[in-house]
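Visitor: here you go, sequence then predicted model.
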Amino acid sequence: MGLSPLEQRLQNIESDLAQIKSLLFELSDVVRVGFQHHSSESIMSAKEVADFLKMDINVIYSKCSKGEIPFFKMGKLYKFKKTEVLEWMKKQESNSPFSVDFYVDRYLQMNTLKG
């Protein structure tokens, strides 16, 4: 004796739910692993980068606006991946030993007018 149409429908629904549950578990594993990988990356604020590089925070913002330093925005806040900042620093060291922008930025750091 076969299943009634209602019983067949219920079996199909149960099968579909089991498949959806399995896919959700797989997706949650992917999201969790991705989040753990992303969260292990050290994210710094503009102030932290300025302190780390021993620069005035205004110089950091200036470099951001010129696209000279790698950053991303979270809302209105500038955020920096520490690994990208370190790579950027290495590139800066390997570039020309003389940089007018560097000396101008350094001069402005030491001689900014307050007020």
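Guide: Right, received. Where do you want to start?
Visitor: the bottom helix or strand of this protein by mean pLDDT?
Guide: The weakest-scoring helix or strand in the chain, judged by mean pLDDT, DSSP states H and E, is helix 100-110 (a mean of 76).
Visitor: neighbouring contacts of that one?
Guide: Helix 100-110 is contacted from outside by 55, 56, 58, 59, 62, using Cβ atoms under 8 Å, 6 or more residues apart in numbering. Using the backbone N, CA and C atoms, a C-beta is placed for each residue, glycine as well.
Visitor: now with 7 Å, please.
Guide: Applying Cβ atoms under 7 Å, 6 or more residues apart in numbering, the external contacts of helix 100-110 come out as 55, 56, 59.
Visitor: what's the single longest strand in the protein?
Guide: In the chain, with assignment by DSSP state E, the single longest strand is strand 77-81.
Visitor: and that one, average pLDDT?
Guide: Here strand 77-81 scores 94 as its mean pLDDT.
Visitor: mind listing the strands for the protein?
Guide: 43-45, 72-74, 77-81.
Visitor: as CSV, the ones you listed with distance to residue 110 and mean neighbour count would be great.
Guide: Formatted as CSV, those follow (distance: least, Cβ to Cβ, whole Å; neighbours: other Cβ atoms under 10 Å):
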stretch, distance to residue 110, mean neighbour count
strand 43-45, 23, 15
strand 72-74, 29, 10
strand 77-81, 23, 16
